[in-house]
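Colleague: following is a predicted model, sequence given first.
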Amino acid sequence: MRLASLFVAVLSTACLVIGGSPAFHGVGTVAYADEDAVESAQGDAQESTIADADVHFRDKIAPLIAHHCLECHDAATKEGGLNLSRKEAATTGGDSGPAWEAGDAEGSLLWLYVESDEMPQDRPPLSGDEKMLLRQWIEAGAAWSVENIESVAHGRGTAYTGIRRLTIPEYIETIRATVGVNIEQDARRILPPDLRADGFSNTAYNLNVDLGHVEAYARLAQIVVSRLDVRTLANSYSDRQELSDDSLRKIIAGAGKKLLRGPLDEREIAAYLQIAKSVEENGGDFGEAVGYIFEAMLQSPRFIYHIEAQRGDGKPRPVDGYELASRLSFLIWGGPPDEELMKAADEDRLSDRGTLEAQVRRMLEDPRAIERSEQFVHEWLNLGRLENLRPNTDRFPKWNEQLAADMRAETLAFFKDVAWKQDRPLADLLNAQVTYATPALAEYYGLDAAAAEAESAAPLRGIPRRSAPGLEVMYTFEEGGGSVVRDVSGAGEPVNLSIADTKAVEWGPEGLTVGRDGASTIIASDSAARRLIEAVKKSNAATLEAWITTADTDQSGPARILTLSDGANSRNFTLGQDSSKYDVRFRSSRTNGNGLPSVSSPGNAVKKRATHVVYTRDATGRSKLYIDGEQQAAGNIDGDLSNWDGNFRLALANEFSNDRPWQGTFHQIAVFSRALPPDEIRSRGAGLSRFDLSSTPSRGGLLTQGSVLTVGGEEASMVTRGLFVLHDLLNSAVSDPPPCVDTTPVPTQAGLSQRAIAEARLANASCGGCHKKFETLAFGLEKFDGLGAVHVVDEHGNKLREDGEILFPGEESPVSYETSGELMDLLAESPRVQETLTRQVVQFAIGRQLVAADDSIVAQIHDTAQQGGGTYADLITAIVMSDLVRMTATEPVPQQNAIGDGP
Amino acid sequence: MIPRRISRRTMLKGLGTTAIGLPLMEEMLTSTALAAPQGAVPVRAFNVFFGLGIPAPLQSEGFDGVLEPLQPLARKLLIMRNVDQIRCDESGINAHFDGASGAFTAEPPDGEAKSGGPSIDQVIRKAHYPDGLPSGMIPTLVGGTFFRRSRISRYVHSYNEDGTVAATMQEKPRDLFNRVFGEVRRQGQSRSVLDSVIEQYKFYTGSNSPLGANSKARVADHLDRIREYEQRAFAMEDKRKESQPAPPLPPVSPLRHGGEADPGGEGIDITLEELTSEWRLMADLYALAIQCDRVRFGALTFLAAGERIRLTGTYTYNGKNIWEFDDAKQLNASGSAGCSHEWWHQFDPKKKNEQLRAHAHMKMREVAYFLQLLDGPDAVDPNGKTILENSLISISTESGDGRHSDVKRELSGVFHAATGAGGRLKTGQIMDIGKEGLDVYNTMLDAMGAKRRLGPGDRPSIAVDGIRA
């Protein structure tokens, strides 16, 4: 195989990541930064012979040796003094001398032992084919191309080379970013779920399509178009709204370029024009025609899939500007290119490294980059698993479903803090002495509530709140853009709100901030909130809930946070800020039309931080105002609600008279047709607080969080936890258990702790060889039970420990640690852990499992990222700047199809 | 309560618990049934998988042991023992997953949702329908009742040529019903929009497509689904207008599905009645789909590889009390340690293994339930033989042992059975094969007229002639 074709092979496994690429059976280890190097390589036949042997070793011989030999002959075990895991040690040999003589199989101990089935000892012998491979390798010179074969040996599949369709989050984000419609609820309800494979649910080969997808794409396209102002959208591409070819061509070309992430060719434009012609023939109008055209585009393969040109001369090529723009945006944002990226593609500037780097820097400052990184963490640690935990309630009486949600929120908030706010190296996720917890989780963990940082409380954004009875409207402000705030309560016809002046607001990861540059606006329903009004009137009770952060503790009026009214003096209710107080006016048959007298909090209740404000009025008229879960005021609003006006609209951030603006950030707003009890209010308001763990040595880092500790099951299995660390943090594996070993888990009992059981396994000659490679990794977690609570003794009274030793894969000797904190430090400092984190991010970024052919390029990415500081941003930058993203393979056009005959 | 069996007859009369508007139903039937020449028997192949396996020593007891429920069908089955799946071993994983991936493919996994090669049903499908199945027919139907799902290959058992799953798993009876018989409503979608979409997909599968071979194959698969959508949403629209209001769909499943069904790998509590009610409804619907010639290829799963359930309930067979299931209590453990999976861990040929025997016996009863649906009066083909006799139905599992302690023991002696495939394979025998599963599968493929062979290209194929009629 020529080196150039090896390069093709590397890229073939890389590019489909993001686009499509042909199937190549060869694989290579060398990747080049530019085409010159490729051309240079093409002429060097001698090198390609060497590379052939190197690749053969990596793909065939290394896995064979690792599978059959390393159990006894790795760096740690080294039976007979022979270490076959590392190049230098393997070529040196063991106590009996060199393991092989290059070119002479019959003179090689390795061959003689294997050929006679003396090795592997007490294990199945090599098959005839395997023996033949080994012999041929020795005869051919025994080229050893991989420094450490231990990590390439286990479970490495072949690279999938087909195109990848959009995942559900990508679909949602693409719709939002291109046409400003939030389709999340519908898409998640209608589309079949993307299932997790090889650690992530964006694994390309598993993103197949069934009838349900086709139905869903058709239905969703209709919903999207129904929510569009088609004529206004069309107007941005053509002034003339008529069924003429000229006008329609402009619209198709303009909108198509945005929706389909690149220019359309004549064939495509003609196909979409055909839709308009059909509409015209059937008596339809311009709006109908354009709507149908958009529907068709939203179901096109160019929309549904990451499509790139894969045909060519069989040689790798740089991806073109539009392809690169798409690769970049989906990798960093999980969505399509924005106008600036498309402009750079139009001007063919993305091929310039400086421009590309500048774009990456710009994109990493966008909140979408954070959201994308959270998707990575969610997938990597399989946080969705937490929703399904149902532990034995007798054994874990303190467990409840909300704790699982809190644990998930903890890990995501922790990641954001370390990776983004503090911009620390990714490896610090293993030992950062900080975490986030709700009051309930803090109590469960045994954290001192007083240690919570006072200014850090924030609502659990992004965490599904279980729908509660009586919930009538709810806004979570997760649209991320656009002019509509959607009612996500799911309670009947949604009461969506429109932002009157989008220039006055700013969308962000924390919600919607009103008052940008001092401007004010109103965010209001287009019509009367009749469903809400009727529900509250019927129950005679209500709850107004607001998760907000004020921008100004002096604003008054009261400044309207949430109002159901029609002007400054007439309302059904209003929650407002009156300088340092929160104030609620609630109309009843005993108040005036302005809802007075009001219920107000004491002064100094308004703080410039995320605050949970709740007002309740029960059917008897008893009214209460809670701030951050604590009741701050009470009063009686007697009477009934028969005088509520059914024509009032719902609004945020201002009064309908436009003279009572409120400035600040909306995190979440909800209205209920019942009075929530204090416990429920506290539970709903239980935001995350940041905890400094520097004086809490038992916790700190991902492995000490409930979200990860639960991987060990109810029994807190050291085997399972140890294997998690081995696989997911150290990129290693062990072989299957040997014959005749009972693998039934041994239960703990008085005098027999998990540690004692594990130590017995380690002492067992049949088990210890492998178990010492992973089970000791979990010793430092022994004090954490199966659901993450800390204990000093187990349920039988056995004392629990946290000391142990860790044997890093490929190393000869273990390293001791006394505490779990020391274990976390060792992991964080381990190059092996750092490399594994890189591999996980790369896999998610490219959408497929890494294979042996990727090792070289991933190593380059890792080195570059580490030199930059090792942060998430450094790593993403290194991935984008690598040939993994900038180059693509091509597949030669089959001879018989060289002259196309049209579709 | 186990619901009344749903047959083609009751379906057509609209008397079952499931049905759709009759004209539409009849249209579906005629559109596909008439696709075959009058009197011809279509080629069909299905894979039936059951979880956790049968230890080889128990297989040797024949119909006197856990295989007893298969005895009524013995004349129409070839039961194969001592079939080796050793090549499916993937170091560092576990034999549940490896073995499950190897069932019907004889290849180790190539990912958590990918096998190393195609399954036998798909090879036969491609061989006999290279240009696709008759219009409107479901290309491949994959269904099952199962709960363990950490890796997709634990429960999906039909794979494409490239090893990816051949169809989306239908795990709720209602979903399977909808996939096969359900109405697809166009909901106002314009014909011109659909035509445009089809043209776009055709372009990317055509000779001017810029895509590589694998990508084109995927787009072609998508186009097939669009064609099916077109057939069901548009072509049948007129028929739908004439149809009566649809009788009720299958009841909503009371069981957990999706991620909820596998809470952290710790297993679920389930009664025998809950389990078999759901499974039998699923089996009824799957069999009905075959009887109605809506489906000719696919896979059906009764419990996943490495299944973790804590089963309770009285198990009877032929009016005889066999066992009182109460896994957690009998294991004196909760969570995964209280699941039936532990009986396989504890298997010891020198002991009674009563619990394991009861579970395995029950699985055979339920597999037999499905097979019998294809052997009754509703399942007679034009040649006078039943679908069971005319089709290749392969039955297999993941493991021959289950102790996780010896790959050779776990992946050797894996239980296999097959139907006669229209007289192509021997039946009425229990046969000791002593060969690799790969050779068994390739012999089956040869018998079915498929030229493609599974396994490495450079490996000589060893015919297992003894299984051929």
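Modeller: Noted; the coordinates are in hand.
Colleague: can you show me the helices along the stretch 201-350 of chain B?
Modeller: For the stretch 201-350 of chain B, applying DSSP state H, counting those that start in this stretch gives helices covering B:213-230, B:237-242, B:272-291, B:327-331, B:341-345.
Colleague: tabulate those in TSV, adding columns for distance to chain A.
Modeller: For the C-beta atoms, the positions are set from N, CA and C on the backbone; glycine is no exception. Below are the helices of the stretch 201-350 of chain B laid out as TSV (distance: least, C-beta to the nearest C-beta, whole Å):
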stretch	distance to chain A
helix B:213-230	4
helix B:237-242	14
helix B:272-291	14
helix B:327-331	9
helix B:341-345	4
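Colleague: for residue A:126, which of those is the nearest?
Modeller: For the helices of the stretch 201-350 of chain B, proximity to residue A:126 was assessed by C-beta to C-beta; helix B:341-345 is nearest, at 28.7 Å.
Colleague: so what does that closest one touch, helix or strand wise?
Modeller: On a contact count with 3 or more C-beta pairs under 8 Å, 6 or more residues apart in numbering or on different chains; DSSP states H and E, helix B:341-345 meets helix B:327-331, helix B:354-373.
Colleague: just those: most buried one?
Modeller: helix B:354-373 (a mean of 22; mean count of other C-beta atoms under 10 Å in any protein chain shown).
Colleague: name the helices or strands packed onto that helix?
Modeller: strand B:45-50, helix B:56-59, helix B:272-291, strand B:297-302, strand B:309-317, strand B:320-326, helix B:341-345, strand B:392-396.
Colleague: circling back to that earlier point, which of the helices of the stretch 201-350 of chain B has the lowest average pLDDT?
Modeller: Among the helices of the stretch 201-350 of chain B, helix B:237-242 has the lowest mean pLDDT, at a mean of 60.
Colleague: export the helices and strands packed on helix B:354-373 to a markdown table and tack on mean neighbour count and distance to residue B:168?
Modeller: Output for the helices and strands packed on helix B:354-373, formatted as a markdown table (neighbours: other C-beta atoms under 10 Å in any protein chain shown; distance: least, C-beta to C-beta, whole Å):
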| stretch | mean neighbour count | distance to residue B:168 |
| --- | --- | --- |
| strand B:45-50 | 27 | 16 |
| helix B:56-59 | 20 | 33 |
| helix B:272-291 | 23 | 14 |
| strand B:297-302 | 28 | 11 |
| strand B:309-317 | 19 | 23 |
| strand B:320-326 | 15 | 31 |
| helix B:341-345 | 23 | 26 |
| strand B:392-396 | 26 | 21 |
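Colleague: ok, which of those comes nearest residue A:74?
Modeller: It is, among the helices and strands packed on helix B:354-373 and with distance given as C-beta to C-beta, helix B:341-345, at 27.9 Å.
Colleague: what does that closest one contact?
Modeller: By C-beta atoms under 8 Å, 6 or more residues apart in numbering or on different chains, the residues outside helix B:341-345 that reach it are A:742-744, B:52-53, B:55, B:267, B:306-308, B:327, B:331, B:333, B:353, B:355-356, B:359, B:399, B:401-404.
Colleague: give me the ChimeraX select line for the residues you listed, limited to the buried ones.
Modeller: The buried subset of these, as determined by 16 or more other C-beta atoms under 10 Å in any protein chain shown, is captured in ChimeraX by this line:
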select /B:52,53,55,267,306,307,308,327,331,333,353,355,356,359,399,401,402,403,404
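Colleague: so where is chain B shaky, pLDDT-wise?
Modeller: Under the criterion pLDDT under 70, the flagged ranges of chain B are B:1-39, B:91-93, B:187-188, B:236-248, B:404-407.
Colleague: I meant to write chain A there.
Modeller: For chain A, the stretches flagged by pLDDT under 70 are A:1-51, A:151-157, A:454-468, A:736-744, A:895-903.
Colleague: report the central residue of it.
Modeller: Using C-alpha atoms, centre = their mean, the residue of chain A that lies closest to the mean C-alpha position is residue A:375, 1.1 Å off.
Colleague: now do the contacts for that one.
Modeller: Residues counted as contacts of residue A:375 (C-beta under 8 Å, 6+ apart) are A:169, A:334, A:844.
Colleague: excluding chain neighbours, what is closest to residue B:422?
Modeller: The shortest distance from residue B:422 to any non-neighbouring residue, by C-beta to C-beta, 6 or more residues apart in numbering or on different chains, is to residue B:390 (4.7 Å).
Colleague: quick one: residues contacting that neighbour.
Modeller: Listed by C-beta under 8 Å, 6+ apart, the contact set of residue B:390 reads B:41, B:44, B:381, B:383, B:421, B:422.
Colleague: so the second one touches residue B:391, yeah?
Modeller: Read that as residue B:44. Yes. Between residue B:44 and residue B:391 there is a contact under C-beta atoms under 8 Å: 4.0 Å.
Colleague: what sits in contact with each of the two?
Modeller: Here residue B:44 and residue B:391 share the contacting residues residue B:290, scored by C-beta under 8 Å, 6+ apart.
Colleague: sec struct for residue A:575, please.
Modeller: strand (DSSP: H, G, I helix; E, B strand; the rest coil).
Colleague: number of nearby residues for it?
Modeller: 28 (other C-beta atoms under 10 Å in any protein chain shown).
Colleague: now do the helices in the stretch 51-200 of chain A.
Modeller: Going by DSSP H, counting those that start in this stretch, the stretch 51-200 of chain A shows helices at A:62-73, A:87-92, A:109-115, A:128-139, A:168-179, A:184-190.
Colleague: what does the stretch 301-450 of chain A give?
Modeller: Remark: helices assigned in the stretch 301-450 of chain A by DSSP H, counting those that start in this stretch are A:301-304, A:321-332, A:339-346, A:353-364, A:367-380, A:401-415, A:439-445.
Colleague: and the longest one, is it in reach of chain B?
Modeller: What that stands for is helix A:401-415. No. On the criterion C-beta under 8 Å from any C-beta of the partner chain, helix A:401-415 is out of touch with chain B, staying 9.9 Å away.
Colleague: report the buried residues of that helix.
Modeller: Per 16+ other C-beta under 10 Å, helix A:401-415 contains these buried residues: A:402-415.
Colleague: angle of it against helix A:367-380?
Modeller: With axes from the mean of the first three to the mean of the last three C-alpha atoms, to 10 degrees applied, the angle from helix A:401-415 to helix A:367-380 works out at 130 degrees.
Colleague: what is helix A:401-415 packed up against?
Modeller: Against helix A:401-415 (3+ C-beta pairs under 8 Å, 6+ apart) you get helix A:367-380, strand A:434-437, helix A:439-445, helix A:706-709.
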